[in-house]
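> this one's structure only:
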């Protein structure tokens, strides 16, 4: 699942905003949706930072699911011709970072995700002054 235009509730990843069909961003969203990632949020980073074009934040129900999603995503990226992804945090699998180049993915256990609250840090869903 990913966010909807008003940033209030998740919608299926297949309806992802700004996910060009065939893009790395869409590929990752589809893979995470297939692996039953929870509370999927895609944050556009273009213009905010040069580290990536998109950040995807998602949760798994357990460390086992987080680790499994991360390993499977890395393998699918390689098989899909996107090259090897860099992975950090896999041994503990409380928070796993997958750097796929233009897309950075953060997979969390729910408790760890709420503690770090990356969505808020990047200003996702907050009203902007006009």
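On my side now, so go ahead. A quick note: this is a predicted structure, and the numbers were derived from the prediction, not measured.

> Could you identify the helix or strand that succeeds the one helix or strand residue 75 maps to?
Counting by DSSP states H and E, the secondary-structure element that holds residue 75 is helix 63-79. Reading on from helix 63-79 to the C-terminus, the next helix or strand found by DSSP H and E is strand 86-88.

> Pull out the buried positions in that following strand.
For strand 86-88, a neighbour-count test (16 or more other C-beta atoms under 10 Å) marks residue 87 as buried. The C-beta positions use only the backbone N, C-alpha and C, and glycine is treated the same way.

> Could you do stretch 98-107 as well?
Neighbour-count burial for stretch 98-107 [16+ other C-beta under 10 Å]: 98, 100, 102, 103, 104, 105, 106, 107.

> And these, which is closest to residue 65?
Among the buried residues of stretch 98-107, residue 107 lies closest to residue 65 (C-beta to C-beta), at 8.8 Å.
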